[in-house]
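Asker: using only what follows, build the 3D model:
(2 chains)
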There are 2 protein chains.
Amino acid sequence: MQHDFCRRHALTTPIVLAPMAGGPGTPELAAAVSEAGGLGSLGVNYLSPKQIEEAVARTRSLTQRTFAVNLFAPESTQPLSGNIDAARAFLAAFHSQLGIASPSLPEHAGENFEKQLEVVLGLRVPAVTFTMGIPSPSAIQNLKAQGAYLIGTATTVEEAERIERAGFDAVVAQGSEAGAHRGTFAVKEEFALIGTMALTPQVADAVSIPVIASGGIMDGRGIVAALALGAQAVQLGTAFLCCDEAGTSPEYRQALLDAREDQTTLTRGFSGRLARGVRNEFIDQAEATDLEPLPFPWQNALTRPMRQAARVAERAGLQSLWAGQGLRMLRKQTAAELMARLKDEIEAGKQRLSTMG
Amino acid sequence: MQHDFCRRHALTTPIVLAPMAGGPGTPELAAAVSEAGGLGSLGVNYLSPKQIEEAVARTRSLTQRTFAVNLFAPESTQPLSGNIDAARAFLAAFHSQLGIASPSLPEHAGENFEKQLEVVLGLRVPAVTFTMGIPSPSAIQNLKAQGAYLIGTATTVEEAERIERAGFDAVVAQGSEAGAHRGTFAVKEEFALIGTMALTPQVADAVSIPVIASGGIMDGRGIVAALALGAQAVQLGTAFLCCDEAGTSPEYRQALLDAREDQTTLTRGFSGRLARGVRNEFIDQAEATDLEPLPFPWQNALTRPMRQAARVAERAGLQSLWAGQGLRMLRKQTAAELMARLKDEIEAGKQRLSTMG
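Answerer: Residues are numbered from 1 along each chain as shown, chains lettered A, B, ... in the order given. Coordinates of the predicted model:
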């Protein structure tokens, strides 16, 4: 018998906040979602151990309810390879437009996973979610030993099965509509672009742990649909991007509100891994020049100064405008207001279905 | 106030059969779906006027209930261009393996749309569906004048809006999960790959005609999900491919039953237009050699002898194995059994939702 995901976390609404590392996700947003009866999440993958401590402390100062932190599995980190000079050359023009130093690679492309994990263990974070793979058996054992609830991310049925076998408590089924990075780890990223409508029930049939549907879900209609497909809950990211508490830059918000559902695309240009965002100048030029990005997280490290300077310059064309395909349904309000509205819509949706033909 | 799609067609189950031209769709399958309370469809795009007459007569001999025929809009037909010799050269090896004459282009790549339309008008077909565009105002006017119910196909919100403005009665929202040809006509096909979960509610918000959701829907869970998203009905194709009444070849059926959800792909190799099918030898080689297909319907005409000979030779690797992303949910049974099962599942799904948390 599958355990009840919402009951286990004392959720009053079956909503998990997507982690949204690197800007949009903030302790304020995570806490607001948890306070409203959902499961807030902090995307800490790009944070140092000290920054993780601060973000978790800040979240705990804002809510006493449960929340999750998200890390990318260590297998997402690839050794440096490829044509570094070409990758730098492609970025040079943008750097000069932004008035920053020429593109160069740092010694370390990302944070040390073991040290991140150590601090997460020490903080006794109630739930830990992983994307892009499965951490080592000892990491899983250590997290479970101190009571952490573990959620994996699957983009195919096989990935969900592996996640269950590894001892995870629940799995996010990430459909192709989803914004930002693909969680894929068992097949080529291009092969794992299954729409939420098709992925959710196939994952639900294959595993006995709770399934959390994600990808293209923006309002109560999508949440009820996901529940009908066999999910116990949903994970929403894009839906929260224009909430007051999100760290989304003003020009990023505007780009989201201006964009249509057919204006997101999948690109490796920003990070080296496939991620969905609003098509902009950077993506267009990366495609036009056939940029061969460095592997993740090297390309991510290489483009970071450009992205940060673009944010200072309020230039949306050179930022990673991660977003899913439900853009027209985006709303501007506080997270508490959005959560209350979603809760009402779920009830109304169930009611409407029960009275249909 | 939106009219009631099911009531208008006296459907007892909100299911439209996808047309599936070129093999799987048969009068027997269409009639069985109509007899079971759905809307059966005949994909007549590749049929001559005489063959259309025969298919419609055969369907009418099997059911007195309503049904639809599907045509590709004339704008899908492109003039011949590209490197014909290269396209022929790519196919030559397959032709020689199959023992058929060298690849050559026929004088006409497809049937004459005006003549097809004339016979459809003469037959007073109750419902006519279009993909890949919108026919001329006079064609629409003539069809409506004799009482035909018109259904368009949209892969973006803008396409749905254009379909409504053109006077169509309903619109299929075709999500990226869907098998076979994309219906896209207003943007580049690559831009219009919106998952059903995201596309359906955005289309429902934008138009006031009934929305029929399609793409990745295989069972009662998907149907209830689509209704929750704002659709009045669903269109299913892949779900019927292994029904006894379908014209799916034995090796095509086996390939479907063997394939996983991450083994379909989008290809232009068979027809010149983007279509989703199970990845096989032909698709792999077309990708490996960077085949530049001729425009639709020329590439379709060019590959037809290969596909037909591959069917005779029972060789799945050289057939177009069109399929959506819900493959693991495929069932083998009669269409009447499947329809009865889907109807039960819809009721059970609504019931389950109404008792959830």
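Asker: when you work out contacts or count neighbours from here on, use the C-alpha atoms and nothing else.
Answerer: Fine.
Asker: what about whichever residue of the stretch 151-300 of chain A sits closest to chain B, which SS state?
Answerer: With Cα to the nearest Cα as the measure, the residue in the stretch 151-300 of chain A that lies nearest chain B is A:Ala225; the distance is 3.8 Å. Secondary structure of A:Ala225, reduced to three states by DSSP: H, G, I helix; E, B strand; the rest coil: helix.
Asker: how close does it get to A:Ala233?
Answerer: Computed with Cα to Cα, to the nearest Å, the distance linking A:Ala225 and A:Ala233 is 11 Å.
Asker: who's more crowded, the two?
Answerer: Using other Cα atoms under 10 Å in any protein chain shown, the more surrounded residue of A:Ala225 and A:Ala233 is A:Ala225, with 30 against 25.
Asker: who's in contact with that one?
Answerer: For A:Ala225, the set of contacting residues under the criterion of Cα atoms under 8 Å, 6 or more residues apart in numbering or on different chains consists of B:Gly222, B:Val224, B:Ala225, B:Ala226, B:Leu227, B:Ala228, B:Leu229.
Asker: name the nearest residue to the fifth one, ignoring sequence neighbours.
Answerer: The one in question is B:Leu227. Leaving aside its sequence neighbours, B:Leu227 sits nearest to B:Ala233 (Cα to Cα, 6 or more residues apart in numbering or on different chains; 6.8 Å).
Asker: JSON lines for the contacts of A:Ala225, including pLDDT and distance to A:Val120?
Answerer: Shown next, in JSON lines, are the contacts of A:Ala225 (pLDDT from 0 to 100; distance: Cα to Cα, whole Å):
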{"residue": "B:Gly222", "pLDDT": "98", "distance to A:Val120": "38"}
{"residue": "B:Val224", "pLDDT": "98", "distance to A:Val120": "40"}
{"residue": "B:Ala225", "pLDDT": "98", "distance to A:Val120": "37"}
{"residue": "B:Ala226", "pLDDT": "98", "distance to A:Val120": "40"}
{"residue": "B:Leu227", "pLDDT": "98", "distance to A:Val120": "42"}
{"residue": "B:Ala228", "pLDDT": "98", "distance to A:Val120": "39"}
{"residue": "B:Leu229", "pLDDT": "98", "distance to A:Val120": "38"}
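Asker: the helix or strand hosting A:Ala86 packs against which elements?
Answerer: Assigned by DSSP states H and E, A:Ala86 belongs to helix A:84-98. For helix A:84-98, the elements it packs on are helix A:298-312, judged by 3 or more Cα pairs under 8 Å, 6 or more residues apart in numbering or on different chains; DSSP states H and E.
Asker: next one: the helix it packs on to chain centre, how far?
Answerer: The chain centroid and the centroid of helix A:298-312 are separated by 18 Å, computed with Cα atoms, centre = their mean, to the nearest Å.
Asker: the residue nearest to B:Leu227 bridge partners, please.
Answerer: Per DSSP bridges, the residues bridged to B:Ala233 are B:Ile212.
Asker: isn't A:Leu29 right up against A:Glu245?
Answerer: Yes: under the criterion of Cα atoms under 8 Å, A:Leu29 makes contact with A:Glu245 at 4.9 Å.
Asker: what about A:Ser76, neighbour count?
Answerer: What A:Ser76 shows, counting by other Cα under 10 Å, is a neighbour count of 18.
Asker: phi, psi for it please.
Answerer: phi -70, psi -20 (degrees, to the nearest 10).
Asker: excluding chain neighbours, what is closest to it?
Answerer: Using Cα to Cα, 6+ apart, the nearest residue to A:Ser76 is A:Met132, at 5.7 Å.
Asker: and for A:Ser34?
Answerer: Of all residues beyond its chain neighbours, the one nearest A:Ser34 is A:Gly40 (4.8 Å), with distances taken as Cα to Cα, 6+ apart.
Asker: how about A:Gly277, secondary structure?
Answerer: Three states are possible here, and by three-state DSSP the one that applies to A:Gly277 is strand.
Asker: tell me the contacts of it?
Answerer: Contacts for A:Gly277 (Cα under 8 Å, 6+ apart) come out as A:Gly179, A:Ala180, A:Thr264, A:Thr265, A:Leu266, A:Thr267, A:Ser320, A:Leu321, A:Trp322, A:Ala323, A:Gly324.
Asker: neighbour-wise, which one of the residues you listed leads?
Answerer: Of all these, the highest neighbour tally under other Cα under 10 Å goes to A:Gly324, namely 33 neighbours.
Asker: surely that one forms part of a helix?
Answerer: No: note on A:Gly324: no helix contains this position according to three-state DSSP, which reports coil.
Asker: give me phi/psi at the residue lying closest to it once chain neighbours are set aside?
Answerer: When the adjacent residues along the chain are set aside, A:Gly324 lies closest to A:Gly179, with 3.7 Å between them (Cα to Cα, 6+ apart). Dihedral pair for A:Gly179: phi -80, psi 160, per degrees, to the nearest 10.
Asker: residue contacts, A:Gly179?
Answerer: With contacts defined as Cα under 8 Å, 6+ apart, the neighbours of A:Gly179 are A:Gly215, A:Gly237, A:Thr238, A:Ala275, A:Arg276, A:Gly277, A:Trp322, A:Ala323, A:Gly324, A:Gln325.
Asker: could you export those residues as JSON lines, including pLDDT?
Answerer: Conversion of the contacts of A:Gly179 to JSON lines gives the following (pLDDT from 0 to 100):
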{"residue": "A:Gly215", "pLDDT": "98"}
{"residue": "A:Gly237", "pLDDT": "98"}
{"residue": "A:Thr238", "pLDDT": "98"}
{"residue": "A:Ala275", "pLDDT": "98"}
{"residue": "A:Arg276", "pLDDT": "98"}
{"residue": "A:Gly277", "pLDDT": "98"}
{"residue": "A:Trp322", "pLDDT": "98"}
{"residue": "A:Ala323", "pLDDT": "98"}
{"residue": "A:Gly324", "pLDDT": "98"}
{"residue": "A:Gln325", "pLDDT": "98"}
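Asker: circling back: element containing the residue nearest to A:Ser34?
Answerer: Under the assignment given by DSSP H and E, the secondary-structure element containing A:Gly40 is strand A:40-43.
Asker: okay, now the sheet partners of that strand, with direction.
Answerer: Using DSSP bridges, the strands paired with strand A:40-43 in its sheet are strand A:67-72 (parallel).
Asker: just how off-centre is the strand it pairs with within its chain?
Answerer: When C-alpha coordinates are averaged (Cα atoms, centre = their mean), strand A:67-72 and its chain have centres 10 Å apart.
Asker: do the same with stretch A:197-212
Answerer: On the basis of Cα atoms, centre = their mean, stretch A:197-212 is displaced by 19 Å from the centre of the chain it belongs to.
Asker: try stretch A:48-68
Answerer: For stretch A:48-68, the gap between its own C-alpha mean and the chain's C-alpha mean amounts to 17 Å (Cα atoms, centre = their mean).
Asker: list the buried residues for that stretch?
Answerer: When burial is assessed from 16 or more other Cα atoms under 10 Å in any protein chain shown, stretch A:48-68 yields the following buried residues: A:48-49, A:52-53, A:55-56, A:59-60, A:62-63, A:65-68.
Asker: pick out the most distant pair among these.
Answerer: A:Ser48 and A:Arg65 (24.1 Å; Cα to Cα).
Asker: got the residues of the stretch 101-250 of chain A near chain B?
Answerer: With Cα under 8 Å from any Cα of the partner chain as the criterion, the stretch 101-250 of chain A comes near chain B at residues A:156-157, A:176-177, A:191-199, A:201-202, A:215-218, A:221-222, A:224-230.
Asker: mind doing that once more with 6 Å?
Answerer: When proximity is defined by Cα under 6 Å from any Cα of the partner chain, the stretch 101-250 of chain A lies next to chain B at A:Glu177, A:Phe191, A:Ala192, A:Gly195, A:Met197, A:Ala198, A:Gly216, A:Arg221, A:Gly222, A:Ala225, A:Ala228, A:Leu229.
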